[in-house]
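# Sequence first, predicted model second:
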Amino acid sequence: MAEALVSTILQQVTTIICEGALEEVRLLRGVKEDLRNLKNNLTSIRALLKDAEEKQISEEPVKLWLDRLREESLNMEDALDEWRTVLLYRRTDGAEESASFLQRKVRVFLGCFSFHPVRYRGIAHNIKEINGRLDQIAEDKDRYQLTSTAMISRLPRQGESKSFIDESSLLGRDDVKNEIISHLLCEPSEEEEGGPIQTISIVGIGGLGKTAVAQLVYNDENVKQHFSCVWTYVSENFDERKIAKDIIVGLQGREKQANLQSLESFSLDALLDSVHRSIEGRKYLLVLDDVWTENDKDFEGLNATFKCGAPGSRILVTTRKSTVATIMRSSHTFQLNNLNPEICWSIIRNIALREKDQRTCEEFKPVGLKIAKECSGLPLVAKTLGGLLRFKTSIQGWENVLNSELWRMEMVHKEVFVPLLLSYYDLPSPVRQCFTYFAFYGKRANLSVCHMISVWMAQGYLGLDDDNSLLEQKGIEYFQYLMDRNFFQDFKTVNQHLRCKVHDLIHDFALFLTRGECISLEVPKGNRSLTMNRERTPRHLTVRIEKGFHFPEFIPDAEKLRSVVCYGSDDHAPISEEAMHNLFNQARRLRVVDMASGYHGSAIPEEIRNLLHLRFLNLCACRNLKSLPKALFRLHNLEHLNLWACTNLDRLPDEIGNLVNLKLLRTTGCLQLACYPKGVVRLTGLTQLLGLIARVDRDDLEEFSIGDLAKLNKLLVLSMKIVGNTINVGEAKKVKLQNLQEVKILVDGDIAEAEHVILESLNMSSVPRYRFQTDYYMDDGFNESRNEW
């Protein structure tokens, strides 16, 4: 990760020097030369980082050296970003207006560059200090015998084939699958009538394929015909209410899922009563996937309802803990064993050599079997290694993987992560940085690829470029690279938007790599502050808050946070205005703020002006929010502003046009919003505009008009409501939509023209996908569930 970070800083320094920014700010004499020295220092250090990042796994001093470098590099990156922000402010708002502001920010900039509580007289002195620190780091590298390696700044060429063989992870599991089904389908004994439901458990460590085996059983045709089947994911956070709701919805049929919202108001007793009525007299199979709780009292209420099913009903449990199988009183426990090397070799071969003939497979088999022995018998690891070896086209390339020093680690936990580390270090440095951000998401989160790329961009992982479309394309390329190496699973397309999940073991691996930079916390009831046990300075924070709990008013060590996400619930907004005020005063380096459904204030605190680095702001479903502060529209770095379903927001100020870097603006579902201001025409970098309200009857001086779309020529996705009594065809024909890929149009009922007139006026024939509707509330196709990113 340090390699990618140093490369980003080098890009920033080069940009500042090339743009002549020093002369523009009229900084002190000698700074330009010092920046060149800084560039040289970073270049020499970067050449050592590939070797250092691999050695840190087994050599603690190297790890500490890298931690020092990373900590100072992050501070440097923030300082340089603030410098560029000041220059952007100057160019955007004019030199005269920003003169005093610039002087203030340069002083702040000096403070950010200082790594000791000492005042420096000027920027020149600060940069000399940084060069001194980097000189020391460069000198220290001699202690670790680090070797220089050639840097590769582009992705290696990849084959065209992108298909996945998910079935490969199930090789060697047919016997256990058939045995489980045999136990499920056997006739009930006399002892079962009126007694506890027979439970079967599948036990094994993460990555062995427990869930995959359970899915095979669950989807077997004989099983489907024999039982009413229900699946629920339990996880570490045991939630009796969630399990009860899953059972109710599963047994009542998916067509009744609309009733799920009404279940939110049910007490636990009412939910259990509903489970009782849903189960009564039915022969059911309930799969409880990934059970962790070892407290038998957690299941007391549910167990009482389970007995109401017909004789022969069954429960199938998957768990990592043998004690769970005992607590669940399992009649049969299947300890899922590690696969033997031959089967692991078959998995690797099916992925890495799937297009090769038998002769080639036999040539690779000797080294392939040696690699297969290092998979620890885990099908997921074999699958991941297959993705790595797929791009190693020679036997020597496979030998290099086998002979890597990473196999010789003797640290706790590594027997699972060693093979994954090989795939990780085979990734280009920028892609590694994107991968580690998965630690920030919850386990089994349903990730939107578009969301991931937006956040990567906000964190600077995709580099710097004024052309946003190039960064988005780079993000797609990075995602494809990770996808080809089997880091994702459960792909699905929702409204033309690709989603996927990260396997539990891969998520744990990302947490292992970040070692305390990504913190996930639950708020204890009544606590006004958080406690964080950490190994590094926390940079990314996820706070999970259950109904009745509240976001803490104080977060320790928040000064250097770059991301904050708050998980609330759909009907509970746990973040107060005071908590938001304190957060914005504490965490001034934030780049990502995601408070979806979480904020219950009517206004955003003015302290948001402190977040000069902010790129990504998600306030969707903050239903009490009525207004946005002017300070928000001075955050010129902001790229992503999501206001979906802020149902009481009634106005966007004209100053929104100051957000010159904005790429996505979303106001769909803001029911009180009557118009868009004219200032939106200045947002010429927009690629997604969702919820636009455009007049079609005239070119209005204050409101956004249909003809103004001609100035937003980078738009790729557009959803809009058109208002007015008639269509001004001349205004409509100003619009050039040839770059758009997707358009959704909501027509106000007052407009008399038929659909074909509107479509013809807007020249919609060139748009690949469009939808025309007259419903009052327009859905733009993006799910905002807190388990949907």
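It's in.

# Would you map the strands across the stretch 501-650 of the chain?
Ranges of strands in the stretch 501-650 of the chain, per DSSP state E, counting those that start in this stretch, are 518-522, 540-544, 563-567, 592-594, 616-618, 640-642.

# who does the following helix or strand past the last one touch, helix- and strand-wise?
Read that as strand 640-642. On the C-terminal side of strand 640-642, the closest following helix or strand by DSSP states H and E is strand 664-666. Applying 3 or more CB pairs under 8 Å, 6 or more residues apart in numbering; DSSP states H and E, we find strand 664-666 packed against strand 640-642, strand 688-695. Any C-beta I mention is one placed from the backbone N, CA and C, and that applies to glycine too.

# If I take the helix or strand following the last one and strand 688-695, what angle do their directions form?
On the C-terminal side of strand 688-695, the nearest following helix or strand under DSSP H and E is strand 717-723. Counting by axes from the mean of the first three to the mean of the last three CA atoms, to 10 degrees, strand 717-723 points 20 degrees away from the direction of strand 688-695.

# Off-centre distance for the next helix or strand after strand 717-723?
Per DSSP H and E, the first helix or strand lying C-terminal to strand 717-723 is helix 729-732. Chain-centre distance of helix 729-732: 41 Å, with CA atoms, centre = their mean, to the nearest Å.

# Can you list the buried residues in helix 729-732?
731-732 (16 or more other CB atoms under 10 Å).

# before we move on, back to that, and the strands of the stretch 501-650 of the chain as CSV, adding mean neighbour count?
Compiled in CSV, the strands of the stretch 501-650 of the chain are given as follows (neighbours: other CB atoms under 10 Å):
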stretch, mean neighbour count
strand 518-522, 18
strand 540-544, 21
strand 563-567, 22
strand 592-594, 23
strand 616-618, 24
strand 640-642, 24
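
# so who does the nearest residue to Ala710 once chain neighbours are set aside touch?
Excluding the flanking residues, the one nearest Ala710 by CB to CB, 6 or more residues apart in numbering is Lys734, at 4.6 Å. By CB atoms under 8 Å, 6 or more residues apart in numbering, the residues touching Lys734 are 706-707, 709-710.

# does Lys734 sit in a helix, a strand or a coil?
coil (DSSP: H, G, I helix; E, B strand; the rest coil).

# remind me which residues of the stretch 401-550 of the chain are low pLDDT?
405-416, 418-419, 466-468, 523-536 (pLDDT under 70).

# In it, mark out all the helices, start to finish.
Ranges of helices in the stretch 401-550 of the chain, per DSSP state H, counting those that start in this stretch, are 414-426, 429-436, 449-458, 468-484, 504-514.

# Ok, which of these comes nearest Glu129?
Closest to Glu129 of the helices of the stretch 401-550 of the chain is helix 429-436 (CB to CB; 26.5 Å).

# Could you list every helix and strand in contact with that closest one?
For helix 429-436, the elements it packs on are helix 2-18, helix 414-426, helix 468-484, helix 504-514, judged by 3+ CB pairs under 8 Å, 6+ apart.

# For it, list the C-alpha coordinates in CSV.
Extracted in CSV, the C-alpha atoms of helix 429-436 (Å, rounded to 0.1, in the frame of the first residue of the first chain):
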residue,chain,number,x,y,z
SER,A,429,0.3,-1.5,-6.3
PRO,A,430,-2.7,0.8,-7.0
VAL,A,431,-5.0,-2.3,-7.2
ARG,A,432,-3.7,-3.5,-3.8
GLN,A,433,-4.7,-0.2,-2.3
CYS,A,434,-8.3,-0.6,-3.7
PHE,A,435,-8.5,-4.2,-2.4
THR,A,436,-7.6,-3.3,1.2
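
# tell me how far that helix is from the chain's mean position?
For helix 429-436, the distance to the chain centre is 13 Å (CA atoms, centre = their mean).

# Between the helices of the stretch 401-550 of the chain, which one is closest to Ile243.
helix 504-514 (18.6 Å).

# Quick one: distance of the closest one to the chain centre.
Using CA atoms, centre = their mean, the offset of helix 504-514 from its chain centre is 13 Å.

# and if you look at stretch 498-516?
Centroid displacement of stretch 498-516 relative to its chain, using CA atoms, centre = their mean, is 10 Å.

# Same question for stretch 686-703.
Distance, centroid of stretch 686-703 to centroid of chain: 31 Å (CA atoms, centre = their mean).

# repeat for stretch 604-623
Per CA atoms, centre = their mean, the centroid offset for stretch 604-623 relative to its chain is 19 Å.

# What residues sit buried inside it?
Neighbour count says stretch 604-623 has 604-605, 607-623 buried, by 16+ other CB under 10 Å.

# So what would you say the end-to-end distance of that stretch is?
12 Å (CA to CA, to the nearest Å).

# for it, what is the average pLDDT?
Stretch 604-623 shows a mean pLDDT of 94.

# ditto for stretch 667-676
Mean predicted confidence for stretch 667-676 is 94.

# Just the residues contacting it, thanks.
With CB under 8 Å, 6+ apart as the test, stretch 667-676 has contacts from 643-652, 690-695, 703-704, 719, 723, 777-780.

# Buried ones among those residues?
Buried among those (16+ other CB under 10 Å): 643-647, 649, 652, 690-695, 703-704, 719, 723, 778, 780.

# List the contacts of Ser189.
If a contact means CB under 8 Å, 6+ apart, then Ser189 has no contacts.

# That one and Thr199, how far apart?
14 Å (CB to CB, to the nearest Å).

# for Glu139, same thing?
Glu139 sits 62 Å away from Thr199 when distances are taken as CB to CB.

# Among the two, which residue is more densely surrounded?
Set Glu139 next to Thr199 and count neighbours by other CB atoms under 10 Å: Thr199 wins out with 20 against 9.

# Now name the helix or strand holding the more buried one.
Using DSSP H and E, the secondary-structure element containing Thr199 is strand 198-203.

# Direction included, what does that strand pair up with?
strand 314-319 (parallel), strand 332-335 (parallel) (DSSP bridges).
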